[in-house]
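*Asks:* A predicted structure for the sequence below; I have some questions about it.
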Amino acid sequence: MSQPSRSENNINNKNSSQSKAERTAAKNAERARIAQQKAAIRAERRRLALLRRRRRLRLDDVTVVQESALRKAIVGSVVGNLMEWYDVGVYGYVAVILGKVFLPDVEGHIQNLFSLGVFAVTFIARPLGGIILGQLGDRLGRKEVLAFTLLMMAGATFLIGVLPTYAAVGVIAPILLILLKLIQGFSTGGEYAGATTFITEYAPDKKRGFYASLLDWGSYIGFAIGAAFVSVLQLNVSDAFMESWGWRIPFMVALPLGVIALLFRSRIEDTPAFVEAQANEGDATKSDPVPAVGEVEDAIRLGEEEPQGLKGLVRNYWRELLTAFVLVAAANTTAYALTSYMPTYLSTTLDYDPVHGNLLTLPVLVLLAFMVPLSGWISDHVGRRTVLFAGSISAIVLAVPSFLLMAHGAIWSTLLGLFLLAIPVALYVGNLASSLPALFPTSSRYGGMGIAYNAAVAIFGGTAGFIMEALVTATGIALAPAFWVIATSAAGFVAVIFLKESARQPLPGSMPSVATEEEAVALVETQEENPDINVTEIFEQAPVHLVDQQPTVAEAKAEVQVALEAEAEAREAVRKAKLVTAAARQAVVEARKAEAEAESESEAASQDQTGSQSQVADKQPEANDN
């Protein structure tokens, strides 16, 4: 095999050197491009920060909510939530019967735990539904996802009504029941988060608490309708008929109710805030994945305003998610104690017959349904945090008295105990629908709500009845559920401390929303002194396209003022720097002076010592002569 010649080696070495030089040059060029891009992005961010500081509200910034659109949005949201809680009410009131039908060969306590456990299983799928449907709601639209959740809920509820029993198919029956409850949980995971997001984005800022609370008004009305339906059946048919076939009727009615609700929901349009965010995101996504220097504004807009994925939500909003989680846990422990668990508690622990146990809760549920909007209305005037503090404190204070009154055994004391427990529920629930969406920006509101709300409900709300019944069974103490309510509300009190006040204020990332043109004009004219409007904060979170506009005269003056303030700050920094420099120079002079003095003193001391030694030397010979 011939060896390469020296000339060939030289050529290869030369080519290798050239290719290495080319690769080095390419890497250097890429580094220079990246550095230039980063510098351009930093410059663009500084420019946008200055623009945000000078921006002021204009009339076309303010959203004037059309009354007809708001009415459709409220009805479309409420009927869906009513449908969801109708199923919760039906299941809670036939839970004892379902335990007998789907698990007939075990003791009564085990049957009750099975029914409540199946109810809790529903909530296992809620976080998954909240994550998936929340992400879809932030990307595809609130309306489409809410229609899908409604169809899933109605269909699954109807199918429960036609399930075969344990006597017909054996162990397959409870398995099918659990599967259908999981489907319900998945759909419900997107329902409440979407409905609250939808209605809060539509509502005017000053009335958001009241309008959002109507959603939970629908919830408790739906629960009461389901409970009333079951109670009417129990009063008019025999126990044998209810256990054989009658329990199916309330579930089967869900299908026509769902169709009616879907008709209402199909008439609504997506919220103005979402439409605006989508339009801006559509413009932003036209840029390349790795933008050139000239496209940095699109890159910034895309990075700041696109919907966040699960990791992004947890990374960027973990404080908000944790606050929402704890509040929902406290509220739903108390709420589910009053609604889903109470029929079981009255019949199994306090020995009421199922019919009277169900009927006793109905008037309290109806009263609670109308207390919820009152709570929301109050929060619009005194603030969300004030009402939520009252909710947590009242739950801690009233839990034990309410259960003691129920344990007294008389009808009047049971009703009074239920009413006392309803007070913190109204204060909590009447504010969550307006408080929680205000924790997240428009682009990630549905997703954030879906995660925080459903995770908390799955862990604490859905298991509330199961945990309380298990506590009573394990301890034999009828007051055990009250202590669980107190523990969760104590955590809720701490969470309210970290909650930011949102009453009468725009949602994060959204412009102010009002009910009339006159309100819009007044808001723009009084924006500087309006205590409910922080213009700087609004535009710190506003989309880029709203900030980067030709300034008005007032905004140009504001920009001059911003520049003057920046100049004054710079001059002050220079003045302080000069003082520090002068002090440092003076310290140098003083140090040199001190050093010179020290050297002089040292030389003088040395001379003194030399003179003393000379004198001693002169005296020594004289001493010797003597």
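*Replies:* Right, received. Where do you want to start? Residues are numbered from 1 along each chain as shown.
*Asks:* Contacts only, for residue 222.
*Replies:* 81-86, 88-89 (C-beta atoms under 8 Å, 6 or more residues apart in numbering). Where you see a C-beta, it was placed from the backbone N, CA and C, and this is true even at glycine.
*Asks:* Show the buried residues in those residues.
*Replies:* Among the contacts of residue 222, those scoring as buried are 81-86, 88-89 (criterion: 16 or more other C-beta atoms under 10 Å).
*Asks:* Which parts of the stretch 401-550 of the chain are strands?
*Replies:* Ranges of strands in the stretch 401-550 of the chain, per DSSP state E, counting those that start in this stretch, are 513-514.
*Asks:* nearest to residue 119, of the buried ones among the contacts of residue 222?
*Replies:* The closest of the buried ones among the contacts of residue 222 to residue 119 turns out to be residue 88 (C-beta to C-beta; 8.3 Å).
*Asks:* Give me the distance between that closest one and residue 466.
*Replies:* 14 Å (C-beta to C-beta, to the nearest Å).
*Asks:* Over to residue 216?
*Replies:* 23 Å.
*Asks:* measure the nearest residue to residue 491 once chain neighbours are set aside to residue 499 for me?
*Replies:* Closest residue in space to residue 491, ignoring its immediate chain neighbours: residue 326 at 5.3 Å, by C-beta to C-beta, 6 or more residues apart in numbering. Distance of residue 326 to residue 499, given as C-beta to C-beta: 10 Å.
*Asks:* same thing with residue 149?
*Replies:* Going from residue 149 to residue 499 by C-beta to C-beta gives 27 Å.
*Asks:* More neighbours: which of those two?
*Replies:* residue 149 (27 against 21; other C-beta atoms under 10 Å).
*Asks:* what would the contacts of residue 222 look like in a markdown table with pLDDT, distance to residue 350 and secondary structure?
*Replies:* What follows is these, written out as a markdown table (pLDDT from 0 to 100; distance: C-beta to C-beta, whole Å; DSSP: H, G, I helix; E, B strand; the rest coil):
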| residue | pLDDT | distance to residue 350 | secondary structure |
| --- | --- | --- | --- |
| 81 | 79 | 30 | helix |
| 82 | 84 | 29 | helix |
| 83 | 79 | 31 | helix |
| 84 | 76 | 28 | helix |
| 85 | 78 | 24 | helix |
| 86 | 85 | 26 | helix |
| 88 | 74 | 22 | helix |
| 89 | 74 | 20 | helix |
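*Asks:* Nearest to residue 170 among those residues?
*Replies:* Out of these, the member with the shortest distance to residue 170 (by C-beta to C-beta) is residue 88, at 27.7 Å.
*Asks:* Who are the contact partners of that closest one?
*Replies:* 222-223, 226, 339-340.
*Asks:* Show me how the record splits the protein into domains.
*Replies:* Following automatic domain parsing, the chain resolves into domains at 61-286+306-497, 559-589.
*Asks:* most packed of those domains?
*Replies:* Most buried of these by mean neighbour count (mean count of other C-beta atoms under 10 Å) is domain 61-286+306-497; its value is a mean of 21.
*Asks:* mind showing which ranges of the stretch 251-400 of the chain have poor pLDDT?
*Replies:* Scanning the stretch 251-400 of the chain with the threshold set as pLDDT under 70 gives 268-308, 354-355, 357-358.
*Asks:* ok, which stretches of it are helices?
*Replies:* Assigned by DSSP state H, counting those that start in this stretch, the helices in the stretch 251-400 of the chain fall at 254-265, 272-284, 296-305, 310-338, 342-344, 354-382, 384-407.
*Asks:* can you list contacts of the first one?
*Replies:* The contact list for helix 254-265 (C-beta under 8 Å, 6+ apart) reads 72, 75-77, 79-80, 82-83, 86-87, 90, 143, 146-147, 150-151, 153-155, 157-158, 161.
*Asks:* cool, the shortest one as well?
*Replies:* Residues outside helix 342-344 that contact it (C-beta under 8 Å, 6+ apart): 92-93, 95-96, 112, 115-116, 227, 354, 357-358, 361, 418, 465, 469.
*Asks:* Filter those down to the ones in helices?
*Replies:* 92-93, 95-96, 112, 115-116, 227, 354, 357-358, 361, 418, 465, 469 (DSSP state H).
*Asks:* Closest one of those residues to residue 38?
*Replies:* For those, the nearest to residue 38 is residue 465 (55.5 Å; C-beta to C-beta).
*Asks:* dump the residue contacts of that closest one.
*Replies:* Per C-beta under 8 Å, 6+ apart, neighbours of residue 465: 92, 116, 119-120, 336-337, 340-341, 344.
*Asks:* Point out where the stretch 1-150 of the chain drops to low pLDDT.
*Replies:* 1-18, 108, 141-142.
*Asks:* In the contacts of helix 342-344, find the pair that's most separated.
*Replies:* Largest separation among the contacts of helix 342-344 by C-beta to C-beta: 115 and 418, giving 21.0 Å.
*Asks:* picking that back up, what's the closest of the contacts of residue 465 to residue 432?
*Replies:* For the contacts of residue 465, the nearest to residue 432 is residue 336 (13.6 Å; C-beta to C-beta).
*Asks:* Hmm, residue 459 and that closest one touching each other?
*Replies:* No: contact criterion C-beta atoms under 8 Å: residue 336 and residue 459 do not qualify, at 11.9 Å.
*Asks:* for the stretch 401-550 of the chain, which spans come out with low pLDDT?
*Replies:* Within the stretch 401-550 of the chain, the stretches with pLDDT under 70 are 462.
*Asks:* got the residue ranges for the helices in the stretch 51-200 of the chain?
*Replies:* With DSSP H, counting those that start in this stretch as the criterion, the stretch 51-200 of the chain has helices at 67-93, 95-102, 108-122, 126-139, 142-161, 166-169, 172-202.
*Asks:* so can I have TSV of those showing distance to residue 542?
*Replies:* Putting the helices of the stretch 51-200 of the chain into TSV (distance: least, C-beta to C-beta, whole Å) gives the following:
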stretch	distance to residue 542
helix 67-93	23
helix 95-102	49
helix 108-122	39
helix 126-139	18
helix 142-161	21
helix 166-169	58
helix 172-202	15
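*Asks:* Any idea which of those helices gets closest to residue 563?
*Replies:* helix 172-202 (35.6 Å).
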